[in-house]
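Asks: predicted model and sequence below, questions to follow.
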Amino acid sequence: MSPQIGINADSGTMNGDLFVLDAMLREFQVSGFSHVEIPVHGLDCIIDGRLALPCLEKVKRILEKYPFSYTVHAPDALNLEDARNPEVHAAALRATIDFAAEIRAGIVVYHGSRIENFANRASTGCADATDRESVLKLWGKEVERFGKIADFARQKGVTVAVENIFRQGAGEKTYRIDPRQLAAVVSAVNSPAVGICFDFGHAFISANEEGFSIEEALRAVLPRLVHVHIHDNFGRVSGQNLRPIDTMFQGTGDLHLVPGWGSIPYLKLFPEFAPSYKGVLMMEIQPRFKDFYPAAIAWMTRMIEALPKEAIQ
């Protein structure tokens, strides 16, 4: 069986324009990808927590023109711990799962929950601890929430993949920064409908910023790994909310480079996860590098060919 190599459809590039979506899919097909990750928020298909059916039907007609299999990315800003409108965020995640079921996508990626301005709020534990007991003491309600989400997702034939992401602000507390904490939360949910999306680029930045080993982090998520995001960077945060053109020359930030262009030690990491991983090798490459999609596929193919034949079936 050929390897499942995918690419993300960038939400900012689409910005609700379905003609752009169609053009991107044509380009992905020419490049040779087999899977595409669709960001539901880039298509305006969820409004006020509800699935916008007229938009959904238009999107489905476009997607059905192409031979891809699809995965879905939930809105980046979605947060089940939102202090203002948590019910809208929960409804939006359910709507994202509905969207995935409608386009026959088996995976929905969720960026994980976070508590903002944590220092000003009462806490029941230490989010910085890496031991399971301390993590679950703080995130017990999250485990309960995911239990309900798992029931809903299972009925729809969808798996929610919770993604790790590097620190977004000094006052933020979240299990998603450290994949070991993420693994503790998802393992406590203990449902086949909730797994982990390991983002190598995010993990590399977090490992350097927070002081843990990316290899150890990857090993921690393997039992619950259902999806991956593959791209490259140099493991350095920008420290500011700058544009890619302002960070690229410095080699800082979440650059989403073509794999192999940065410093992520993929030659060490691939043998750690590929032998047991059966999902999509989903690349998240900044659209400014679209001319290098064929090179990215060639890189991925070389990585696969370097593994034992039974590694990826």
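Replies: Perfect, I can see it now.

Asks: what residues of stretch 55-70 count as buried?
Replies: Buried residues in stretch 55-70, counted by 16 or more other C-beta atoms under 10 Å: 55-56, 59, 63, 68-70. In this view, the C-beta of every residue, glycine as well, is placed from N, C-alpha and C.

Asks: tell me the one of those residues nearest residue 295?
Replies: Of all the buried residues of stretch 55-70, residue 295 sits closest to residue 68, with 20.1 Å by C-beta to C-beta.

Asks: narrow the buried residues of stretch 55-70 to those in helices?
Replies: 55-56, 59, 63 (DSSP state H).

Asks: how about those in JSON lines, adding pLDDT?
Replies: Shown next, in JSON lines, are these (pLDDT from 0 to 100):
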{"residue": "55", "pLDDT": "96"}
{"residue": "56", "pLDDT": "97"}
{"residue": "59", "pLDDT": "98"}
{"residue": "63", "pLDDT": "98"}
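
Asks: could you dump these to JSON lines with distance to residue 25?
Replies: As requested, those are exported to JSON lines (distance: C-beta to C-beta, whole Å):
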{"residue": "55", "distance to residue 25": "16"}
{"residue": "56", "distance to residue 25": "16"}
{"residue": "59", "distance to residue 25": "11"}
{"residue": "63", "distance to residue 25": "7"}
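
Asks: identify, from these, the entry nearest to residue 153.
Replies: Nearest to residue 153 among these: residue 56, at 18.0 Å, using C-beta to C-beta.

Asks: what residues are up against that closest one?
Replies: For residue 56, the contact set (C-beta atoms under 8 Å, 6 or more residues apart in numbering) comprises 45, 99, 102.

Asks: rewinding a little: for the buried residues of stretch 55-70, work out which two are farthest apart.
Replies: Maximum pairwise distance in those, criterion C-beta to C-beta, is 21.3 Å, between 55 and 69.

Asks: which other helices and strands contact the helix or strand hosting residue 186?
Replies: Assessed by DSSP states H and E, residue 186 sits inside helix 179-189. Judged by 3 or more C-beta pairs under 8 Å, 6 or more residues apart in numbering; DSSP states H and E, the packing partners of helix 179-189 are helix 132-138, helix 140-156, strand 159-163, strand 194-199, helix 214-221.

Asks: lowest average pLDDT across these?
Replies: Ranked by mean pLDDT, these end with helix 132-138 at the bottom, a mean of 88.

Asks: and the closest residue to residue 257 other than its chain neighbours, what's its pLDDT?
Replies: Using C-beta to C-beta, 6 or more residues apart in numbering and skipping residues adjacent in sequence, the residue nearest residue 257 is residue 232, 4.0 Å away. Looking at residue 232, its pLDDT reads 98.

Asks: and residue 232, how many neighbours does it have?
Replies: Neighbour count of residue 232, defined by other C-beta atoms under 10 Å: 23.

Asks: now residue 289
Replies: Neighbour tally, residue 289, other C-beta under 10 Å: 16.
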